[in-house]
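J.: just coords:
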């Protein structure tokens, strides 16, 4: 009855060796991130600032969650940015809540 599916789940050797799924080399971490002077470990480059602040246990007020209202405005490297949509750069990042 199920003889037609006998080889359906067998490995196909013509495809070559199986590769690991996911990011090659893993994510890029940024160890130069601080929130209100407190260093935050294991921050991934391009991670949202709102997630970094939450990991540092710093409360940032939110309202719209899409960058329109400006409630979540923080200072990042001396510039005002919206935490809900802005991302951590690859280099040094100093975040200060207002």
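T.: Good, I have the coordinates. Here the structure is a predicted model, which is why all the values come from computation and not from measurement.

J.: Was I right to think residue 80 contacts residue 95?
T.: No: look at residue 80 against residue 95 with Cβ atoms under 8 Å: they stay out of range, at 11.4 Å. C-betas here are computed from N, CA, C, even on glycine.

J.: More neighbours: which of those two?
T.: A direct count of neighbours by other Cβ atoms under 10 Å for residue 80 and residue 95 places residue 95 higher, at 25 against 11.

J.: before we move on, the earlier item: spell out which residues are contacts of both of residue 80 and residue 95.
T.: Taking Cβ atoms under 8 Å, 6 or more residues apart in numbering as the contact rule, residue 80 and residue 95 both touch residue 74.

J.: contacts for stretch 46-56?
T.: For stretch 46-56, the surrounding residues in contact (Cβ under 8 Å, 6+ apart) are 33, 35-36, 38, 40, 42-43, 59-60, 62, 72, 74, 76, 81, 83-88, 95, 97.

J.: roughly how far apart are residue 39 and residue 17?
T.: Using Cβ to Cβ, to the nearest Å, residue 39 is found at 41 Å from residue 17.

J.: Which one's more surrounded, the two?
T.: For residue 39 versus residue 17, the count of surrounding residues by other Cβ under 10 Å is larger for residue 39: 11 against 5.
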